[in-house]
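# Got a sequence here, can you build the structure:
(chains A and B)
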Amino acid sequence: MSKDYKDNAPITAKKFMEEFRRYQKGSVSRRHFMGVTGLGTAMAVMGSAMPGLMSSPAHASGDLGDRLIFSTWPNYHNPANMENFTGDTGVNIQINAFGSNEEMLAKLQAGATGWDVFVPTNYTISNYVELDLIQELDLSRLPNHDPSSQSPMFSNPATVDGKVYAVLKNWGHTGIAYNSAKLSKAPTSWKDFFDMTMGEGSGHTIVHDYQLTTIGGALCALGYSFNSVDAGELAKAEKLLIDSKPHLFAITSDYQPGMRSGDAWMTICWNGDGLQLNNDIPEIKYTLATDGGEIWSDFYCIPKDAEHVDAAYAFINYLLDPKVQVLEFESHGYATGDSRVDALLPPETAENEILFPAAELMNGLEFGAAATLTDPLRAEVIARFKSA
Amino acid sequence: MAATVTVMANENNRSGLLTGALLAPATAWFLIMLIMPLIVVAIFSFGERSPVGGYVASFTFDQYANLPSRFAAFRNTLTFAPFGTLASLLIAYPLAYFLAVKVSARWKLLLLVLVIVPFWTSLLIRTYAWIFILGGKGIPAMLAFIGIDDVRLINTPFAVMVGIIYGYLPLMVFPIYVSLDKLDKRLLEASSDLGGTPFRSFLQITLPLSMPGMATGCMLVFILLMGEFLIPAFLGGGKIFFVGNALVDLFLQSRNWPFGSAVAIMLVIVMLITVTLYMRLTVGKSTGRDESLM
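Here you go, the predicted model:
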C-alpha cells in the first residue's frame, strides 16, 4: 500500500491548474472544466439533492416560447406571480431591476436590449414614442385591460397622439421615509430632509441614484418646482446636493437594505417601499413633504424590437388580471388606480395614509415633465454630484 | 548548392504563409475587437451630446476640456487600484506559499478548489452579500455584542478595500502559486547545505524565483481594478466614485457618449502610462528567467 495518494486522485494539481487556465482563458467551457476536474459530479450530486436548483422542463403549451426578458424596478413584483406565470405557460421570466428611467432610456437608445416588456414612468412615454422605441399596443390582445375602471389622471400618459402605447401598472408618490426611533423629530419637508441630513441625521441619509427625485427633492427644499430645468435654480440645487454629500450614507435607488439594517435613518422613498418598510419595521414612517414632491404612474410597455411579443402580451395580460394585481399589491404596496382591484382589497386599505395621504399634501405634488427626462443640464448636475 | 538554396527559400515561403494563416484569426480578432472600437471611441470623444442623449458628429475639444470635472474619479481610481493591488499581494503571497510549499499533496487539491469555488458565483452576487456582512446587522452588530459600539463599516473606503481584496484575491493567488509550485526544492536544500538560514533561503531563492508570479498577479489585478465599478458602487454606497463609475454613469444615465468617450480615452492613456512604468520597474527584476505565466 505504498501507492501515492496522487495515483488515485481524479486529477493532479498540475493538470487541474492547466484545465483551470484553459477555462479562465475561455478555451474550454465551464461544463468541460467541471467535467474533467470532477467538480461537475460534485455539483450534480448536490443539485439532485436539491430539486429547486434544477431547471424545470419546458411545458407543453410552449407556443409562447420559453423566455421573456422583463425590465422593471426593485421590489416591484410578487415572486409568486412570476412563478405562477412560468408554471402556466412555460415562459421563464428574466427580471432586470433598474434604478432610474434614464438608465432604461440609455439601454433602449443603445439598442438590442432584448427586452420584451418594461416598466417606464408617465413622463417618459411621449419621449419613447418620439424616439420610436416602443410599440403601439394591440388592446384586443389584452382582454384584462379595462380603461373604464382606471383613473384617467394616472392612465392618460399612455395615449400619445390618439394611439395607446402603454397600460397602467401602478401609481404612487415620492416622499421621505425615516426611522422615528433614531431621529428626535420627524422631517416634514424636503427642507427638513436636507437640514437633518447635515444635522442629526449626518452619515445616515440616502438619496436616490436618480436625477428626477434627488434633484427634484433639492429643488423643492429651495422652494423651486420639482421639474425645474432653469440653470440658476439647478445650480443652487447642485450646491445643496454637493454640500450634503459628505453627510450622506449612500447614493442609491436600492435603499431598503440600508434602512432595514438600521444604518440609514432617512431616505428619499417611493410610497410602496415606505409601506413595505413600515409593515416590517413600524418605527420606519413614510411621509410626503409639505414643500412638494412627485406623483407618478408606471406603465407596461413593449419595446419596438421585442423578440417575444406573444409572450409579452400574455405576460402583461396576466398581470392586469385583478386577482393577480391584488397579489402584486400585497407584495409591493402601490395602488393600482383600477376600481376592479380596489373592490377586492380589504376596506381598511382605503384609509391607509401611506397609500392615500391627506389631500392637502397630495395637492402639492407634481407629475414628472417630459422635458425633465432628457434635459442635458439635469443629467450633468446629477453626474457631477455623484463624481464630486 | 543552388538547388538546396531554392528548397530552403521555398520552405521559408511556406512557413511564412503558414505563420500568416495561423496569425490571421488573432490579428482579425485584435483589429475587430480592440482597434476598431477604440477608433470609434476616439471619434466619439470629439463629438457632442445630442439633446436627448447619445452622439452627434462634430469636431470639438469641449469633452476633453471638461475632464477636470471628473478629477475625483481619477484620483480615487489611482489611489485604490495600487493600494488594492498591494494589499492583495500581501495577503495572497502567504496563502500561495502555504498552498504550494507547506500543504501535503493530500489537501492541496481540496484547498485549491476552495480558492476557486467563489468564481462559480457572479461577483455581483458575492459583492451584494458583503453589503449585509458589513452592514449594521452584520459585523458591527457582533462588535456591539462584545461592547464595541457604533462601528460603521459599509459605505466606507475600508468596505471598498475589503471588497477589492475579496474579489481579486484568487487572481493574485494563482500566478504566485504556480511560480512557487514549480520551484526546484533542490535549490533550497543546496542553500541549507551551504549554511543558509530558512529566512535567508526564502529571501535569496524563493522570493526572487516567485517574482514572475507576483508580477503577473499584480498586473492582472491592477488592470482590472482600474476599470472596476461594481465594488465601489455597492460597498462604497455610490459615494466612492471610480472612473468605471463615471463611465457607467455617462453612458447609462446621463447618456453623454462623447464625454464618456473622452473619459474612456483618458483612462486608456493613464493606464498605458502606469503599466509602462510598472513594467519598467518589475521587468528588470523578474527577467533573467525566460518565462512568462500568461
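
# Near residue A:235, how many other residues are there?
By other CB atoms under 10 Å in any protein chain shown, 12 other residues sit near residue A:235. Quick note: C-beta positions are derived from backbone N, CA and C, even for glycine.

# Revised request: answer the last question for residue A:322.
Residue A:322: 18 neighbours (other CB under 10 Å).

# Quick check: pLDDT value at it.
At residue A:322, the model reports a pLDDT of 95.

# Also residue A:28?
47.

# got any ranges where the stretch 51-200 of chain A has weak pLDDT?
A:51-62 (pLDDT under 70).

# of all the residues in it, which ones are close to chain B?
A:100, A:102-103, A:105-107, A:109-110, A:127, A:131 (CB under 8 Å from any CB of the partner chain).

# and if we set it to 7 Å?
Taking CB under 7 Å from any CB of the partner chain as the measure of proximity, the stretch 51-200 of chain A contacts chain B at A:100, A:102-103, A:105-106, A:109, A:131.

# can you pull out the strands in the stretch 101-250 of chain A?
Assigned by DSSP state E, counting those that start in this stretch, the stretch 101-250 of chain A shows strands spanning A:117-118, A:159-160, A:163-164, A:167-179, A:205-207, A:248-251.

# what's residue B:258 in contact with, if anything?
For residue B:258, the contacting residues are B:44-45, B:47-49, B:55, B:63, by CB atoms under 7 Å, 6 or more residues apart in numbering or on different chains.

# now, among the residues you listed, which is nearest to chain A?
Chain A has its nearest neighbour among the contacts of residue B:258 in residue B:49, at 6.1 Å by CB to the nearest CB.

# what's around that closest one, how many residues?
23.

# what does residue A:383 give?
22.

# now the closest residue to residue B:50 other than its chain neighbours: how far from chain A?
The shortest distance from residue B:50 to any non-neighbouring residue, by CB to CB, 6 or more residues apart in numbering or on different chains, is to residue B:56 (4.5 Å). According to CB to the nearest CB, to the nearest Å, residue B:56 and chain A sit 12 Å apart.

# and the contacts of residue B:258, which two are the farthest apart?
The largest distance within the contacts of residue B:258, taken as CB to CB, falls between B:45 and B:49 and amounts to 11.7 Å.

# mind listing what whichever residue of chain B sits closest to chain A touches?
Nearest residue of chain B to chain A, counting by CB to the nearest CB: residue B:237, 3.0 Å away. Taking CB under 7 Å, 6+ apart, we find residue B:237 in contact with A:249-252, B:154-155.

# what do you get if the cut-off is 8 Å, keeping everything else the same?
A:206, A:248-252, A:258, B:154-155 (CB atoms under 8 Å, 6 or more residues apart in numbering or on different chains).

# Now the buried members of those.
A:206, A:248-252, A:258, B:154-155 (16 or more other CB atoms under 10 Å in any protein chain shown).

# Go through those residues and name the one nearest residue A:306.
residue A:252 (29.0 Å).

# Test my guess that that closest one contacts residue A:209.
Yes: in this structure, residue A:252 is within contact of residue A:209 by CB atoms under 8 Å, at 5.3 Å.

# shared neighbours of those two, anything?
A:99, B:238.

# ok so, going back, buried among the residues of the stretch 51-200 of chain A next to chain B? Make that a PyMOL selection.
Buried residues within these, by 16+ other CB under 10 Å, are selected in PyMOL with:
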select buried, chain A and resi 100+102+103+105+106+109+131
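
# Serialize the residues of the stretch 51-200 of chain A next to chain B to TSV and add fields for distance to residue A:385.
Formatted as TSV, these follow (distance: CB to CB, whole Å):
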residue	distance to residue A:385
A:100	14
A:102	14
A:103	16
A:105	19
A:106	18
A:109	22
A:131	26
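
# what's the following helix or strand after the lowest-mean-pLDDT helix or strand in chain B?
Sorting the helices and strands of chain B by mean pLDDT, DSSP states H and E puts helix B:2-30 at the bottom, at a mean of 76. Per DSSP states H and E, the first helix or strand lying C-terminal to helix B:2-30 is helix B:36-44.

# For that following helix, give me every contacting residue.
With CB under 8 Å, 6+ apart as the criterion, helix B:36-44 contacts B:55, B:257-258, B:260-261, B:264-265, B:268.

# residues of it that come out buried?
B:41, B:44.

# and the residues of the stretch 51-200 of chain A next to chain B, which of them are in helices?
A:102-103, A:105-106, A:109 (DSSP state H).

# immediately after the secondary structure element (helix or strand) that residue B:133 belongs to, which helix or strand?
Taking DSSP H and E as the definition, one finds residue B:133 inside helix B:123-134. The helix or strand immediately downstream of helix B:123-134 is helix B:139-145, counting by DSSP H and E.

# which helices and strands does that next one pack with?
If contacts are counted by 3 or more CB pairs under 8 Å, 6 or more residues apart in numbering or on different chains; DSSP states H and E, helix B:139-145 sits against no helix or strand.

# Just after it, pick out the following helix or strand.
helix B:157-181.

# Ramachandran coordinates for residue B:278?
phi -60, psi -40 (degrees, to the nearest 10).

# Hmm, it is touching residue B:219, no?
Yes: counting by CB under 8 Å, residue B:278 sits close enough to residue B:219 to count as a contact (7.1 Å).

# so residue A:217 touches residue A:268, yeah?
Yes: using CB under 8 Å, residue A:217 makes contact with residue A:268 at a distance of 5.7 Å.

# Those two: which is more packed in?
residue A:217 (29 against 25).

# The nearest residue to the more buried one once chain neighbours are set aside: how many residues sit nearby?
The shortest distance from residue A:217 to any non-neighbouring residue, by CB to CB, 6+ apart, is to residue A:190 (4.8 Å). By the criterion of other CB under 10 Å, residue A:190 has 26 neighbours.

# And for residue A:94?
12.

# what's the spacing between it and chain B?
14 Å.

# How about the contacts made by that residue?
Contacts of residue A:94 (CB under 8 Å, 6+ apart): A:67-70.

# which ones are touching the residue in the stretch 201-350 of chain A that chain B sits nearest to?
Evaluated by CB to the nearest CB, the stretch 201-350 of chain A has residue A:250 as its residue closest to chain B, separated by 3.0 Å. Residues in contact with residue A:250, defined by CB under 8 Å, 6+ apart, are A:206, A:258, A:264, B:155, B:237-239.
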